[in-house]
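Peer 1: The following comprises the amino acid sequence and a computationally predicted model.
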Amino acid sequence: MKQLKVGVVMDPIESIKPHKDSTFAMLLEAQRRGHQLWYMTPPDLYLKNGHPFAEQTELKVWDRPNPNSTEQYYGFGGTFDQSLTELDIILIRQDPPFNNDYLYSTQLLELAEKAGVLVVNKPQSLRDCNEKLFAQWFPECIPPSLVSAQPHRIKQFIADHQDTILKPLDAMGGSSIFRVKAGDPNTNVIIETMTDFGKHHIMAQTYLPEIKDGDKRILLINGEPIPYALARIPAEGETRGNIAAGGTGVGQPLSERDHWLCQQIAPTLQAKGLHFVGLDVIGDYITEINVTSPTCIRELDAQFDLNIAGVLFDHLEKQIQL
């Protein structure tokens, strides 16, 4: 494989935690293979006369697996205004929320894709596949769910299922998620706050008691699952397993049901150019399909001596050679 030019559009690299950052794992692997790294944040992207450019900075990275290390883990070279079409691969690794600025970034990057650059994940699919709503494409794989802005429908869902989870459609890391049981005196104010008095859609799902065993993150590359999941166990007194909400990550092999769930969604992921996806599974059900910047590479690598970014780049390099 020839040396490739790999661009990454990400949040500021100085703000990441390299010992557990999946984007950083991808950068380390690309550099290990001899590829050139070019770093961009979303504001660096721009269009000139309909052509996509960015202020791109040469990047080097160094592995610092010790979370207490104070050693520098990245270094910058020169910064240049360059066409995005000079790159071979662009990794979109900006965290949600998916707001207008994120939308504009995908539209800029789609022009690079049109010129032949491999953009991961596909910009059109990032726009189409809301991480909460995308799972609804697979009704046989999800728990009882409702998406609505209407308070009376949400309250009826709570009455029907007795123990529920309410969550916004545009957040990440477990933020603004509520567990609401039938008869909870705070039900009305929670729904009013989340929907802004019926103006915004939210999701309601039946509460899955299997969360005590972990909210499993399954990573898929071109629809094929990594054989181990990271079960994120909620902290004491919590209903959310997200690492960002204090959960503890425990690796475990995929179950037969996990493999079946992956098989149901794999053809759609492949058709949509969703090369790297994080599936969230509680018990027997998919709760979310993460397509923007799935995490947990480094945790699974460490627990099972894997190289998940290596599997990803094996796949991406094959796409370049096609």
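Peer 2: Perfect, thanks for sending it. Numbers count the residues shown, from 1 in each chain.

Peer 1: what separates stretch 88-106 from the chain centre, distance-wise?
Peer 2: 11 Å (CA atoms, centre = their mean, to the nearest Å).

Peer 1: C-alpha coordinates for that stretch, CSV please?
Peer 2: Provided in CSV are the C-alpha atoms of stretch 88-106 (Å, rounded to 0.1, in the frame of the first residue of the first chain):
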residue,chain,number,x,y,z
ASP,A,88,-7.0,10.2,0.1
ILE,A,89,-9.1,9.6,3.3
ILE,A,90,-10.9,12.1,5.6
LEU,A,91,-12.1,10.8,9.0
ILE,A,92,-15.0,12.8,10.4
ARG,A,93,-14.6,12.4,14.1
GLN,A,94,-16.4,15.5,15.6
ASP,A,95,-18.5,14.7,18.6
PRO,A,96,-22.2,15.5,18.6
PRO,A,97,-24.4,17.5,19.0
PHE,A,98,-25.5,17.3,15.4
ASN,A,99,-26.3,21.0,14.9
ASN,A,100,-26.3,23.3,11.9
ASP,A,101,-22.5,23.7,12.1
TYR,A,102,-22.1,19.9,11.9
LEU,A,103,-24.6,19.8,9.0
TYR,A,104,-22.6,22.4,7.1
SER,A,105,-19.4,20.4,7.7
THR,A,106,-20.9,17.3,6.1
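
Peer 1: Model confidence score at residue 173, please.
Peer 2: We have a pLDDT of 64 for residue 173.

Peer 1: That should have said residue 322, apologies.
Peer 2: 64.

Peer 1: Kindly report the same for residue 234.
Peer 2: For residue 234, pLDDT reads 79.

Peer 1: Isn't it up against residue 247?
Peer 2: Yes. Using CB atoms under 8 Å, residue 234 is in contact with residue 247, at 5.5 Å. All C-beta spots, glycine's among them, are computed from the backbone N, C-alpha and C.

Peer 1: now the helices for the protein?
Peer 2: Applying DSSP state H to the chain gives helices spanning 22-32, 100-114, 123-128, 151-161, 187-195, 256-271, 297-304, 308-321.

Peer 1: nearest to residue 91, of those helices?
Peer 2: helix 22-32 (6.1 Å; CB to CB).
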